[in-house]
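Novice: here is the input, now give the coordinates:
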Amino acid sequence: MGGIHASGRPGEVIVVDNASTDGSAEVAAEHGAIVVREERPGYGSAYLAGLAVARGEYIVMGDADETYPMADLAPFVERLAAGDDLVMGSRFEGTIHGEAMPWLNRHVGNPILTGMLNLLFGVKISDAHCGMRAVRRDALATLDLHSTGMEFASEMVFKAFRRKLRVSEIPIDYYPRVGESKLNRFGDAWRHVKFMLLYSPSWLYFVPGAVMLLLGLVGAIALAAGPVTVLGRTWQIHTLFLFMFAILLGIQILQLGLFARAFAAAHLGEADGLIERAKGRFSLEHGLALGGLVLTAGLVTLVVIFVGWALDGFGALSHEYATAFGFTLVAVGLQVILGSFFLSLLTMRTTEPSRSRLVEPGRDVSGGTRSRVSA
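Specialist: Here you go, the predicted model:
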C-alpha cells in the first residue's frame, strides 16, 4: 500500500493466489489485499485473473517476491496519467542488485529474447521481460491478451507496439528474490521463442520462403536448357533437381506464411496491412488465373517434349532438363490453384470477432501469489 499512498491516488492491492502453499495469500488478505484465486497454472493465467477484477484506471503489475520496488510505482502511474498506454520497467537501464539475476539470464537469455522481440516485431525496448510494468485499463481491450504462460510478458509488449499504443520505459532497481522460484529457465525461454515465431509469419515463413524461391528460380531458369559452366565448373541435371526442390519448398513455405497471416487477420483480430491491401486487389479468381497460367505453361512444355519424343519413335529422351522444368511448373501451378481455394476458405467469416471481455469486479476467480496487480 505504501506505493499507492506515495502516488497520491486511491487504489487497491490485488494478490493472485495460484495454488500457493506458503500461506502468503492469507497474509496478504490480513493486510487488506484483495485475494483472487486462480486454479489454472501459469504466469499468464495469474495475471489474466488479476486483470479481470482490477477496477483502477491505472494498473501496476509486479511479481510478489520482493524483486521489484513496488513502493516506487508513482512514476509509472504518472506516465500513464500523461498519456502512455504501457509503461515498462527496465532492470538493465536501472540497477540489478547482488545475485538478483543469474549470469546466464542477464548476459544471454534476456538479451537474446529482448533482441528477438525487437527484431521480429519492430519493438524498441531494453528489457522486454521485466515483470514490473503498468498499463491503462482502457488499453486492455486493444491488447486482447490470451497467453497463459511466461510468454504473456512478450505478448503484452509486441501487441502494444503492433497496435500503435504509446509505450515507454522507466529504469528500476531489481532485488534478489524472496522465496522459491517457479521459473523453468529453458522451458520458459522456449515458450517465449515459440510464441514470437508463431506471431511473426514474415520471419518464420516469408523470409526463408522468398530466399529459397528466388534462388531456385534463378538456378532453374539458367539450367532449363542444359548444363551451364560457371567459374570453371559445369553444373548439370543433379543441380537442376536441387533448384527445383528449392522452388517447390519455397512456394510451400510462402503459402503457409500467407495462410497464417490471413487466418490471424480474419479470426484473431490481428491488423495486417499486407492482407488488407491484398483483399482489395486480389481475389480467388486472380489466384486461379495465375495458377492456371503456370500450370498451362508446364503442360505445354511437357506436351511439346512428348510429341517430339513420339515422333522420334519413343527412343532415348533428350530433353531431360526441360522435362524437369515442365513438371515443376505443373506442380507450382497446382499449388497456387489449390492454395487459392484454401486461402479463400480461411478468410471466410460468418461473425465479427469480439474485441471486448465481460468483467465482473470482485468475483473470486483463480490466480497466483507470484503476480500482484496494484492501481
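
Novice: from here on, contacts and neighbour counts on C-alpha atoms
Specialist: OK.

Novice: number of residues surrounding Val108?
Specialist: Using other C-alpha atoms under 10 Å, Val108 is surrounded by 11 other residues.

Novice: so what's it up against?
Specialist: Going by C-alpha atoms under 8 Å, 6 or more residues apart in numbering, Val108 touches no other residue.

Novice: under a three-state scheme, what state does it occupy?
Specialist: Using DSSP: H, G, I helix; E, B strand; the rest coil as the criterion, the local structure at Val108 reads helix.

Novice: okay, Ala33 and Asp72: tell me how far apart.
Specialist: Ala33 is 18 Å from Asp72, where distance means C-alpha to C-alpha, to the nearest Å.

Novice: those two: who's more crowded?
Specialist: Ala33 (19 against 16).

Novice: hang on, that one packs against Ile14?
Specialist: Yes - with contact defined as C-alpha atoms under 8 Å, Ala33 reaches Ile14; the gap is 5.6 Å.

Novice: for Arg133, see how far away Pro75 is.
Specialist: 11 Å.

Novice: let me fix that, I meant to ask about Ile112.
Specialist: According to C-alpha to C-alpha, Ile112 and Arg133 sit 20 Å apart.

Novice: the more surrounded of the two?
Specialist: Counted by other C-alpha under 10 Å, Ile112 and Arg133 do not tie: Arg133 has more neighbours, with 23 against 15.

Novice: contact partners for the more buried one?
Specialist: So Arg133 contacts Val60, Met61, Gly62, Phe76, Leu86, Val87, Met88, Gly89 (C-alpha under 8 Å, 6+ apart).

Novice: what number of residues lie near the fifth one?
Specialist: By that I understand Leu86. 27.

Novice: residues in contact with it?
Specialist: Taking C-alpha under 8 Å, 6+ apart, one finds Leu80, Arg133, Ala134, Val135, Arg136, Ala160, Leu165, Arg166, Val167, Ser168 in contact with Leu86.

Novice: was I right about the last one contacting Leu80?
Specialist: No - in this structure, Ser168 sits apart from Leu80 without contact. The criterion is C-alpha under 8 Å, and the distance is 9.5 Å.

Novice: who has more neighbours, those two?
Specialist: The neighbour count for Ser168 versus Leu80, taken as other C-alpha under 10 Å, is higher for Leu80 (23 against 18).

Novice: helix/strand/coil for the more buried one?
Specialist: helix.

Novice: ok, now how distant is it from Phe186?
Specialist: Per C-alpha to C-alpha, Leu80 is found 34 Å from Phe186.

Novice: again with Pro10
Specialist: Taking C-alpha to C-alpha, one finds Pro10 at 40 Å from Phe186.

Novice: show me the shaky parts of the protein.
Specialist: 179-185, 267-276, 280, 349-375 (pLDDT under 70).

Novice: all strands of it, in order?
Specialist: Using DSSP state E, the strands found in the chain span residues 13-17, 34-37, 58-63, 86-96, 133-136, 167-174, 228-230, 233-235, 371-374.

Novice: relative to Met212, which of those is closest?
Specialist: Closest of the strands of the chain to Met212 is strand 233-235, at 18.4 Å (criterion: C-alpha to C-alpha).

Novice: same for that closest one, what does it pack against?
Specialist: strand 228-230 (3 or more C-alpha pairs under 8 Å, 6 or more residues apart in numbering; DSSP states H and E).

Novice: output the contacting helices and strands for the strand it packs on.
Specialist: Partner elements for strand 228-230 (3+ C-alpha pairs under 8 Å, 6+ apart): strand 233-235.

Novice: give the pairing partners of the strand it packs on; include direction for each.
Specialist: Sheet partners assigned to strand 233-235 using DSSP bridges are listed as strand 228-230 (antiparallel).

Novice: how far does stretch 321-338 sit from the chain's center?
Specialist: On the basis of C-alpha atoms, centre = their mean, to the nearest Å, stretch 321-338 sits 33 Å off its chain's mean C-alpha point.

Novice: I meant to write stretch 82-102 there.
Specialist: Its chain's C-alpha centre and that of stretch 82-102 lie 23 Å apart, by C-alpha atoms, centre = their mean.

Novice: and that stretch, which residues are buried?
Specialist: Going by neighbour count (16 or more other C-alpha atoms under 10 Å), the buried part of stretch 82-102 is Asp84, Asp85, Leu86, Val87, Met88, Gly89, Ser90, Arg91, Phe92, Ile96, Met101.

Novice: over to stretch 330-348?
Specialist: For stretch 330-348, by 16+ other C-alpha under 10 Å, it's 330-337, 339-340, 343, 346-347.

Novice: in JSON lines, list these along with distance to Leu299.
Specialist: Shown next, in JSON lines, are the buried residues of stretch 330-348 (distance: C-alpha to C-alpha, whole Å):
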{"residue": "Val330", "distance to Leu299": "6"}
{"residue": "Ala331", "distance to Leu299": "10"}
{"residue": "Val332", "distance to Leu299": "12"}
{"residue": "Gly333", "distance to Leu299": "10"}
{"residue": "Leu334", "distance to Leu299": "11"}
{"residue": "Gln335", "distance to Leu299": "14"}
{"residue": "Val336", "distance to Leu299": "15"}
{"residue": "Ile337", "distance to Leu299": "15"}
{"residue": "Gly339", "distance to Leu299": "19"}
{"residue": "Ser340", "distance to Leu299": "20"}
{"residue": "Leu343", "distance to Leu299": "25"}
{"residue": "Leu346", "distance to Leu299": "29"}
{"residue": "Thr347", "distance to Leu299": "31"}
